[in-house]
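Asker: When you get a sec, could you give me coordinates for this:
(2 chains)
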Amino acid sequence: MSYNWNWAIFFDLEPGATGTYFAYLLGGLGWTLVIAGLAWMLALLLGFLVGTLRTIGSSVIERCCFAYTELFRNIPLLVQMFLWYFVLPEVVPNSLGTAIKAIPPPWGSAYPAILCLGTFMSVRVAEQVRAGIASLPRGQMAAALAIGLTRRQAYRYIILPLVIRIILPPLSSEFLNTIKNSSLALTIGVMELTARARAMQEFSFQVFEAFAAATIIYLVVNLFVVFCMSHIEQRIQISGVIGGRKSNSLLQH
Amino acid sequence: MYDFDIDVIERSFAYLFRDGMSFSLQLTGLAMIGGLLFGTTLALLRLSNVRVLRLIAGGYVNLMRSLPLVLVIFWFYFLVPYVGAWLTGSGQPLKVGAFASALITFTLFEAAYYCEIIRAGIQSVPSGQVSAAHALGLTYAQTMSLVVLPQALRNMAPVLLTQTIILFQDTSLVYVISSTDFLGAASKVANRDHRLVEMYTFAALVYFLICFTGSLYVRRLQARLLVIR
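Answerer: This next block holds a predicted model:
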């Protein structure tokens, strides 16, 4: 059983002759990061909104947020991709649908991927935010209201700044999930990293080199994100809680 | 507005469910069983006293968990025929069907996720249980299979079921290797009859109903286990 290994393939020109295969894969990484980055911003925005709204104790809003959460959580991401890409332009009013379909590639398939991934991940962010707010002592809100802050100010200046620090570790793993999930954009034609590894395999027949390169790139990105997030975590720790900087130094001395 | 054609769903109903859904459900069921078995093994390895075993199992789990499933599906789709040929000593890549390839992929991939859940479950069992089992003279195998794992798996049952619902959703990804699972079947009909809107909306609806029912059940189970403990 033989397989012709050819690691030098990465220095060959890709068929589009825009550069080497190596540059081709890095371009794919660029798209992966663009999709994941923009989707993540959308997810944070919607997730913090929905997660916060679920804690203000209005049953109407609670029911709407529950429906939102269940809707995005119980449909496979791939099906959601297809809904955004194929179905949405058909079911909106005609003029809007035509305008959507007229968006030229690559953004024509990149924007549905971003919206899809953003909304899908927002549900997970919302769950973290809700759990984070629920984990705070009730006294925080009571004290904030007692010193004359409005509820809105209490959330803005007291609750949410605390919650962000508490949920940062689970949020960073959700960000890693966003990067991984962005590979599904290949089904609607975005040429991101996995798609380009697949394309490289089809052009060059070097299956294992192509996928090995993609694997290594994903691992490096993962490590980089983990490294950055732990750095940020340390920088914004709340002093005085277990795991905080001050309390650690107190324990040590 | 779009004129919605219900008829195309009726016409393809048998194909969608008899070919597509049964593929999805079989894949989910078998991958769940395989994933749980392999995942339990991995969890025990990760918690073992032998450093090498811990490192190997940990490395495997972390590798699987940091790669996108789509990439892993592609990997195995091309790798399995070569490994098969190597195992059987044949000179040509072994022909492996889409179902077998998907099953191997999902078993090995989901095992990493099941492993972490089971590991957390094992660690949630009070250490007095292990001491008591040793005091009774039970061996390691007996302690694990009779005392620790039954409690760990029961405590983690809701999370394991949630992971299985995710697995069921993930099986839709076999679309990328052109398998005819439920979504694959829907997509084939959609493209043949140019009825993408109907078929994808219908597929979303079916997935939603199944997964929503599943998650309601998980929530009830969670409430019940909470009372018992």
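
Asker: and residue 179, how many neighbours does it have?
Answerer: As the question left the chain open, I've gone with chain A. Other residues within reach of A:Ile179, judged by other C-beta atoms under 10 Å in any protein chain shown, total 24. Placement of C-beta: from N, CA and C, glycine included.

Asker: switch to chain B, that's the one I care about
Answerer: B:Ser179: 24 surrounding residues under other C-beta under 10 Å.

Asker: and if you look at B:Gly137?
Answerer: As a burial measure, B:Gly137 scores 7 neighbours (other C-beta under 10 Å).

Asker: same deal with B:Leu136?
Answerer: 11.

Asker: so what's B:Phe4 up against?
Answerer: B:Val197, B:Glu198 (C-beta atoms under 8 Å, 6 or more residues apart in numbering or on different chains).

Asker: Over to it. Which of the three states is it?
Answerer: What DSSP: H, G, I helix; E, B strand; the rest coil gives for B:Phe4 is coil.

Asker: now it: how far from B:Phe202?
Answerer: Taking C-beta to C-beta, to the nearest Å as the measure, B:Phe4 falls 10 Å from B:Phe202.

Asker: Check A:Ala39 too.
Answerer: Distance, A:Ala39 to B:Phe202, using C-beta to C-beta: 26 Å.

Asker: Mind checking which of the two has more residues around it?
Answerer: Taking neighbours as other C-beta under 10 Å, A:Ala39 and B:Phe202 compare with A:Ala39 leading, 26 against 20.

Asker: give me the low-pLDDT residue ranges for chain A?
Answerer: For chain A, applying pLDDT under 70 flags the ranges A:1-2, A:239-253.

Asker: most centrally placed residue in it?
Answerer: Closest to where the C-alpha atoms of chain A average out (C-alpha atoms, centre = their mean) is A:Thr178, at 3.2 Å.

Asker: what does chain B give?
Answerer: Centroid-nearest residue in chain B: B:Leu167, 4.1 Å away (criterion: C-alpha atoms, centre = their mean).

Asker: thinking again about what came up before, surely the residue nearest to the centre of chain A and A:Ala36 touch.
Answerer: Yes: if you go by C-beta atoms under 8 Å, A:Thr178 and A:Ala36 touch, sitting 4.8 Å apart.

Asker: which residues do these two both contact?
Answerer: A:Leu117.

Asker: So which bits of stretch B:49-57 are buried?
Answerer: Neighbour-count burial for stretch B:49-57 flags B:Ala57 (criterion: 16 or more other C-beta atoms under 10 Å in any protein chain shown).

Asker: ugh, wrong one, stretch A:99-119
Answerer: By neighbour count on 16+ other C-beta under 10 Å, the buried set for stretch A:99-119 is A:100, A:108-119.

Asker: Can you pull the residues of chain B lying near chain A?
Answerer: B:1-2, B:63, B:66-71, B:74-75, B:78-79, B:82, B:85-86, B:90-93, B:169-170, B:172-173, B:175-176, B:183, B:187, B:196-197, B:200-201, B:203-204, B:207-208, B:211-212, B:215 (C-beta under 8 Å from any C-beta of the partner chain).

Asker: Chain neighbours aside, what residue packs nearest to B:Glu110?
Answerer: Leaving aside its sequence neighbours, B:Glu110 sits nearest to B:Gly35 (C-beta to C-beta, 6 or more residues apart in numbering or on different chains; 3.8 Å).

Asker: So the one you found belongs to a helix, correct?
Answerer: Yes: applying three-state DSSP, one finds B:Gly35 inside a helix.

Asker: So for it, what's the pLDDT?
Answerer: B:Gly35 carries a pLDDT value of 96.

Asker: Next, count neighbours for it.
Answerer: Neighbour tally, B:Gly35, other C-beta under 10 Å: 26.

Asker: residues in contact with it?
Answerer: B:Phe106, B:Thr107, B:Phe109, B:Glu110, B:Ala111, B:Tyr113, B:Tyr114, B:Leu167.

Asker: Quickly note the distance from the residue lying closest to B:Ser124 once chain neighbours are set aside to chain A.
Answerer: Nearest non-adjacent residue to B:Ser124, counting by C-beta to C-beta, 6+ apart: B:Asn155, 5.6 Å away. Using C-beta to the nearest C-beta, to the nearest Å, B:Asn155 is found at 19 Å from chain A.

Asker: B:Pro93 contacts B:Val83, correct?
Answerer: No: contact criterion C-beta under 8 Å: B:Pro93 and B:Val83 do not qualify, at 9.4 Å.

Asker: re the thing from before, among the buried residues of stretch A:99-119, which one lies nearest to B:Arg51?
Answerer: Checking the buried residues of stretch A:99-119 against B:Arg51 with C-beta to C-beta, the nearest one is A:Leu117 at 39.1 Å.

Asker: OK, contacts around the closest one?
Answerer: A:Ile35, A:Ala36, A:Ala39, A:Ala43, A:Leu77, A:Thr178, A:Asn181, A:Ser182, A:Leu184, A:Ala185.

Asker: how far away is it from A:Tyr111?
Answerer: For A:Leu117, the distance to A:Tyr111 (C-beta to C-beta) stands at 11 Å.

Asker: Check which helix or strand residue 41 maps to.
Answerer: Going with chain A. Using DSSP states H and E, A:Met41 sits within helix A:21-53.

Asker: Wait, chain B was what I had in mind.
Answerer: B:Thr41 belongs to helix B:22-46, assigned by DSSP H and E.

Asker: After that helix, which helix or strand is next?
Answerer: Heading C-terminal from helix B:22-46 (DSSP H and E), you reach helix B:51-66.

Asker: Give me the packing partners of that following helix, helices and strands only.
Answerer: helix A:207-235, helix B:22-46, helix B:98-124 (3 or more C-beta pairs under 8 Å, 6 or more residues apart in numbering or on different chains; DSSP states H and E).

Asker: what about the first one, distance to the chain center?
Answerer: I take that to be helix A:207-235. 14 Å (C-alpha atoms, centre = their mean, to the nearest Å).

Asker: likewise the second one?
Answerer: Relative to its chain's centre, helix B:22-46 lies at 6 Å (C-alpha atoms, centre = their mean).

Asker: What residues of that helix count as buried?
Answerer: Buried-residue list, helix B:22-46, by 16+ other C-beta under 10 Å: B:23-25, B:27-28, B:31-32, B:34-36, B:38-40, B:42-46.

Asker: Nearest to A:Phe82, out of the contacts of B:Gly35: which one, please.
Answerer: Nearest to A:Phe82 among these is B:Leu167, at 19.8 Å by C-beta to C-beta.

Asker: Quick check: that closest one vs chain A, distance?
Answerer: Taking C-beta to the nearest C-beta, one finds B:Leu167 at 11 Å from chain A.
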